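> Give the three-dimensional model of this entry:
(one chain, ligands or ions: 3)
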Amino acid sequence: MNMKRNGEKMTMLTAYDYPSAKQAEQAGIESILVGDSLGMTVLGYESTVQVTLQDMKHHAKAVRRGAADTFMVVDMPFGTVGIDDKTDMENAVALYQETNANALKMEGAHAASLIKRCTQSGIPIVAHLGLTPQSFGVTGYKLQAASKEAAETLIEDAKLIEQSGAVMLVLEAIPSDLAATITKQLSIPVIGIGAGADTDGQVLVYHDVLNYGVDRKPKFVKRYGDFTTGVDALTTYREEVKTGIFPSPEFTYKKQIMDEVDP
Ligand SMILES: Nc1nc(=O)c2c([nH]1)NC[C@@H]1CN(c3ccc(C(=O)N[C@@H](CCC(=O)O)C(=O)O)cc3)CN21
Ligand SMILES: CC(C)C(=O)C(=O)O
Ligand SMILES: [Mg+2]
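Ligands and ions are numbered 1, 2, ... in the order given. Got it, this is the predicted structure:
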């Protein structure tokens with residue numbers, strides 16, 4: 001992870017299961033995020049708030065099987081950080097140990113003390129500031145740190161999480177000049193999503209990149225593929241069964257002579 005020094009941009013992509021993890025690894029993506037966005041993209045929840053520690057474990061284990069050689073970051077879901085020191089630590093240890101993750105990610109500057117304790121215990125932590133979707137009920141889904149005061153607070157928060165031992169910072173939905181400033185001031189890599197071009201790297205959601213079952217497109221999402229064509233394929237499959245085109249002999253086992261078979 002020396003890319004901050006040599007200036008090469010780092011790429012991160014979410015993955016939630018075995019095939020998407022394999023694809024990300026095959027594409028040479030440097031780091032996979034098993035994001036709690038899986039609640040929305042693959043479980044059909046309205047937000048990430050419904051996602052449990054069990055959900056994260058289940059998906060992260062599948063991702064690990066698909067991408068054994070890629071740096072895998074796993075989100076701590078809503079309600080697993082900030083309960084009490086003992087419970088927070090038990091949650092982090094379980095998620096890290098059971099999924100064989102390379103790092104865990106935690107939203108918000110309030111996680112600073114847990115970041116410190118995890119780091120001391122040997123768990124690498126990625127911090128996540130700016131728009132933190134687990135707090136959407138308080139913040140909404142909108143640009144964060146838009147005022148001068150909020151920007152100053154964010155800069156202080158970023159320094160705090162670096163001092164607490166975070167190995168990386170994700171900045172979401174903030175003005176690009178603020179993201180550039182924070183990226184310059186920190187020595188750890190800063191990965192942006194809706195944070196402009198001057199961070200050390202970018203992260204996007206798999207289903208957004210491939211237009212796969214998502215109905216909203218935030219401003220920061222660029223689509224590189226179109227999985228909605230899957231519906232055309234499924235429609236053709238249905239039609240071919242209805243019309244008897246499928247299964248043709250090519251997809252059929254050889255006939256037996258039924259007369260020779262006892263009924
Ligand atoms: N598919 C997906 N992509 C994501 O990037 C993502 C998730 N899901 N789930 C978890 C969070 C939620 N995120 C979101 C969700 C919505 C907006 C959004 O609608 N933004 C609007 C701005 C709305 C406003 O300013 O009021 C946009 O147009 O960008 C942004 C980030 C980012 N994360
Ligand atoms: C949007 C990214 C950074 C995330 O936290 C997620 O996918 O859950
Ligand atoms: Mg997340």
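> Give me the below-cutoff pLDDT ranges for the stretch 1-150 of the chain.
Low-confidence regions of the stretch 1-150 of the chain, defined by pLDDT under 70, span residues 1-2.
> could I have stretch 190-205 exported to PDB, CA atoms only?
This file holds the C-alpha atoms of stretch 190-205, laid out as PDB (Å, rounded to 0.1, in the frame of the first residue of the first chain):
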ATOM      1  CA  VAL A 190      -7.500   8.600   1.500                       C
ATOM      2  CA  ILE A 191     -10.100   6.900  -0.700                       C
ATOM      3  CA  GLY A 192     -12.900   9.000  -2.000                       C
ATOM      4  CA  ILE A 193     -16.500   8.300  -3.100                       C
ATOM      5  CA  GLY A 194     -18.100  11.500  -4.300                       C
ATOM      6  CA  ALA A 195     -15.000  13.400  -3.000                       C
ATOM      7  CA  GLY A 196     -13.400  14.500  -6.300                       C
ATOM      8  CA  ALA A 197     -10.300  13.500  -8.200                       C
ATOM      9  CA  ASP A 198      -7.600  14.500  -5.700                       C
ATOM     10  CA  THR A 199      -7.900  11.700  -3.200                       C
ATOM     11  CA  ASP A 200      -5.400   8.800  -3.200                       C
ATOM     12  CA  GLY A 201      -8.000   6.500  -4.800                       C
ATOM     13  CA  GLN A 202     -11.600   5.800  -5.500                       C
ATOM     14  CA  VAL A 203     -14.300   3.400  -4.300                       C
ATOM     15  CA  LEU A 204     -17.600   2.600  -6.000                       C
ATOM     16  CA  VAL A 205     -20.400   0.100  -5.400                       C
END
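> distance of the closest residue to ligand 3 within the stretch 101-250 of the chain from ligand 1?
Closest contact between the stretch 101-250 of the chain and ligand 3, by Cβ to the ion, is at residue 133 (6.0 Å). In short, each C-beta sits where N, CA and C put it, glycine included. As defined by Cβ to the nearest ligand atom, to the nearest Å, residue 133 lies at a distance of 4 Å from ligand 1.
> likewise residue 240?
Distance from residue 240 to ligand 1, counting by Cβ to the nearest ligand atom: 32 Å.
> For that residue, report the pLDDT, please.
For residue 240, the pLDDT comes out at 98.
> residues in contact with it?
Counting by Cβ atoms under 8 Å, 6 or more residues apart in numbering, residue 240 touches residue 246.
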